[in-house]
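Colleague: Below: sequence and its predicted model.
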Amino acid sequence: MKKHFVAALLWVLVLSFGSSVGAMEPTEQPPFNKTEMDKFLTDYPEFTEWLTKQNAHVDTKRNPWIMAGMRFDKAFTARLKEKQWDPDRFFYLLNHINTGLLLTASEKLQSEAQARMAQEQQANNAQMQKNQQQMQQEMADANQRARDQLAARQEQIRLNPNIPPFEKQRMLAQMNRNASTFTAPNPQEAAQQRQSQQANWFNTQEQYIRSNPNMHPMQRQQALAQLQQARLSQQQAAKPAPFPSQEEMRNETITQYNKWFDNQKRAVETNPRIPPAQKKQMLEQLQTSAKQFKESMEPKPAPSIIPPEEKALVEANQKRLMELLFIKP
């Protein structure tokens, strides 16, 4: 739970810090490269030392947000220029490096959380399967005990010389009929039994329809079609429906919209009471709506908070950057 909270908190920080990057950068900046990253790694410790001397009561070395707040400090920007840094460029790197570190940490925690959830789900599924197997075994054992007891009682009746043969036959038949009341089938057997009963019912109905001499041929054909549809629906309902994927839900939404659009278009085109000018306007509005819907359903890649080449450089230098910006010695 704690790691889930940390992941969520990091992601909030990424979004909030990332949204402030553009606001803090007065001009558009190209992505930084490896040369600039190497220079940043070399010069950053000297800048933190300088800031610490100016603010001895603040641990500037381990708080990059304090460094970010020095953008408009004239003495600090002069120090940057002495080291051949354009101040805007330096703070661009600082902002994007901070964002990249938070983004990388958040992705790592999210990946670990997803892996744990997958393991927990796998363990839960295995436990459920084990419990189901145990329950089925217990039911099978109970059924077997009931059958053994029934066989023992029937054997006692068969061997009892004081019971007339006709009465023995009646008692044994009655015991066999009552056996189903205290010997429950296991779930698989019960499902197979229900399917068999349903199949027999459909077959009986089909045979009755086909052999009924009083039914008109057209009526017979219609009844057989309805019966076949009911049979297919029953078979489909017996199958476990998998949870649809995002792509399947998207395709279903598009299909339903296309049906609605075709119906609306047909209704407008075939309505004789709509004046031609109004009909043209309504059809154009429908076309505009269809275009907007199509654009909204197009899969769009998630927007990148920082350029991918910058993120790659941050990941490649993550350990050193964490030592410089966050981790205390």
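Modeller: Alright, I've got the coordinates.

Colleague: which non-adjacent residue is nearest residue 289?
Modeller: Excluding its sequence neighbours, the residue lying closest to residue 289 (C-beta to C-beta, 6 or more residues apart in numbering) is residue 261, at 7.8 Å. C-beta: built from backbone N, CA, C; applies to glycine.

Colleague: what's the helix or strand for that neighbour?
Modeller: helix 246-269 (DSSP states H and E).

Colleague: Between helix 246-269 and the following helix or strand past that helix, find me the angle.
Modeller: Downstream of helix 246-269, the first helix or strand assigned by DSSP H and E is helix 276-297. With axes from the mean of the first three to the mean of the last three C-alpha atoms, to 10 degrees defining the directions, helix 276-297 sits at 180 degrees from helix 246-269.

Colleague: Report the buried residues of helix 276-297.
Modeller: 282, 290 (16 or more other C-beta atoms under 10 Å).

Colleague: Output the contacting helices and strands for that helix.
Modeller: With contacts defined as 3 or more C-beta pairs under 8 Å, 6 or more residues apart in numbering; DSSP states H and E, the packing partners of helix 276-297 are helix 246-269.

Colleague: what helices or strands is the helix it packs on leaning on?
Modeller: Against helix 246-269 (3+ C-beta pairs under 8 Å, 6+ apart) you get helix 276-297.

Colleague: for the protein, what spans make up the helices?
Modeller: Along the chain, the stretches classed as helices by DSSP state H are 2-24, 34-54, 64-68, 74-82, 87-159, 165-178, 187-211, 217-238, 246-269, 276-297, 308-316, 318-325.

Colleague: Just send the ones you listed back as TSV, with mean pLDDT too.
Modeller: TSV is the format used below for the helices of the chain (pLDDT from 0 to 100):
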stretch	mean pLDDT
helix 2-24	43
helix 34-54	91
helix 64-68	76
helix 74-82	93
helix 87-159	86
helix 165-178	82
helix 187-211	78
helix 217-238	77
helix 246-269	84
helix 276-297	86
helix 308-316	94
helix 318-325	89
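
Colleague: What residues does residue 227 make contact with?
Modeller: Contacts of residue 227 were listed using C-beta atoms under 8 Å, 6 or more residues apart in numbering, and they are 202, 205, 206, 209.

Colleague: Go again with 10 Å.
Modeller: Residue 227 makes contact with 202, 205, 206, 208, 209, according to C-beta atoms under 10 Å, 6 or more residues apart in numbering.

Colleague: Show me which of those is closest to residue 66.
Modeller: Residue 66 lies nearest to residue 202 out of those, by C-beta to C-beta, at 77.9 Å.

Colleague: and that closest one, how many neighbours?
Modeller: 16 (other C-beta atoms under 10 Å).

Colleague: ok, now which ones touch it?
Modeller: For residue 202, the contact set (C-beta under 10 Å, 6+ apart) comprises 227, 228, 230, 231, 234, 235.

Colleague: Among those, which one has the most neighbours?
Modeller: When neighbours are counted by other C-beta under 10 Å, residue 231 leads the contacts of residue 202 with 17 neighbours.

Colleague: now that residue: how far from residue 224?
Modeller: According to C-beta to C-beta, to the nearest Å, residue 231 and residue 224 sit 10 Å apart.

Colleague: Equivalent analysis for residue 113, please.
Modeller: Looking at residue 113 against residue 224, where the rule is C-beta to C-beta, the gap reads 55 Å.

Colleague: picking that back up, which residues sit against the helix holding residue 261?
Modeller: Under C-beta under 10 Å, 6+ apart, the answer for helix 246-269 is 242-245, 274, 278-283, 285-287, 289-290, 293-294, 297-299.

Colleague: ok, so of the contacts of residue 202, who is nearest residue 90?
Modeller: Using C-beta to C-beta, the contacts of residue 202 come closest to residue 90 at residue 235, 69.3 Å.
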